[in-house]
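J.: Show me how the following folds:
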Amino acid sequence: MNMSKVAFLGLGVMGAPMAAHLARAGHQVTVYNRTAARAEAWQAKLADEGFTASVAARPAEAAQGQDVVLACLGNDNDLAAVILGDDGALKAMRKGAVFVDHTTVSPAIARTVAAEAENLGVLAVDAPVSGGQAGAENGKLSIMCGGTDAAMAAARPVIETYAARIVHVGAAGAGQATKAVNQVCIAGVLAGLSEGVRLAQAEGLAMDKVLDAISGGAAQSWQMENRWATMAAGEFDFGFAIDWMRKDLAIALAEAKDAGLSLPITALVDQFYAQVQADGGARQDTSALIRHLPEVTR
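T.: Here you go, the predicted model:
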């Protein structure tokens, strides 16, 4: 793989390991984080491993002269603040460079960014990810992408560094729309899994035996394989917080409304998540959905 000059904007639980993979792969990496101390701590940790990276004080500074600029931020407003505007990364990028957004945001802002990028002679890919913190740390993310063929060709050699699967879904915004579908599917699976765990507990069954019995059949899912035991044990510290899931479901529900479509199960699960938030679970993993159901004392 040809080594590139890259900038990574946003060093949260997903962005930090993704940026580290780029540095370990030999790319020349510059990072920016709105909390500078986090960027400096990330840089120091990387140095302990024997790798180097630079820290920029502003998004535009990080983006200047780079071949690829990548972002993994929080929401539409965060993306607009860091990427768009006079001191945003996009205006500082050179013509022909590529911008890759791994933030889960609305398809609308993804299309806005792509249009602005095109006006500036910059390629753009909206590329939200699935796989959670473990996928980011292990370099095994699934990435769903929207953008032109040329943008994908430019982005792929870099994002392959931390991806197990990359699918070019369609034009600008298609990656974000696909992520909305992804989150709707996860919400439904977790709702059924929550009720299944509680029913097994109510029946007094051996939870490990139930998992062994049903995980090889039609009920099997990634969530079952990775969250059944911890849901049963009341352990929910896995990185992707309910706060973020509700932000993603809001995007999905808004997209559905715009399309004249009702998503009643997703809307109900979102209400259950709101209950768990109110009970102090806002920063717990999405599998904490089970907390909306009473614990079984049997």
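
J.: Would you map the strands across this structure?
T.: For the chain, the strands defined by DSSP state E cover 5-9, 28-32, 54-55, 68-71, 98-101, 123-126, 129-130, 141-147, 163-170.

J.: strand partners of the longest one, parallel vs antiparallel please.
T.: Translated: strand 163-170. Take DSSP bridges as the rule and strand 163-170 pairs in its sheet with strand 141-147 (parallel).

J.: where does this structure have its least confident helix or strand?
T.: helix 132-138 (a mean of 92; mean pLDDT, DSSP states H and E).

J.: Can you name the residues bridging to the residue nearest to the spatial centre of the chain?
T.: Centroid check for the chain by C-alpha atoms, centre = their mean gives residue 129 as the closest residue, at 4.5 Å. Beta-bridge pairing for residue 129 (DSSP bridges): residue 143.

J.: Surely it touches residue 139?
T.: No - counting by C-beta atoms under 8 Å, residue 129 stays clear of residue 139, with 11.4 Å between them. In this view, the C-beta of every residue, glycine as well, is placed from N, C-alpha and C.

J.: before we move on, back to that, how about the least confident helix or strand of the chain: buried residues?
T.: For helix 132-138, burial by neighbour count (16 or more other C-beta atoms under 10 Å) applies to 132, 133, 135, 136, 137.

J.: ditto for stretch 243-253
T.: Result for stretch 243-253 [16+ other C-beta under 10 Å]: buried residues 244, 245, 246, 247, 248, 249, 251, 252, 253.

J.: dump the residue contacts of the last one.
T.: Listed by C-beta atoms under 8 Å, 6 or more residues apart in numbering, the contact set of residue 253 reads 263, 266, 267, 270.

J.: Equivalent analysis for the fourth one, please.
T.: The contact partners of residue 247, taken as C-beta under 8 Å, 6+ apart, are 74, 75, 104.

J.: How about the first one: what's its closest non-neighbour residue?
T.: Leaving aside its chain neighbours, residue 74 sits nearest to residue 103 (7.0 Å; criterion: C-beta to C-beta, 6 or more residues apart in numbering).

J.: Show the contacting residues for the one you found.
T.: For residue 103, the contacting residues are 10, 71, 72, 73, 74, 75, 78, 79, 128, by C-beta under 8 Å, 6+ apart.
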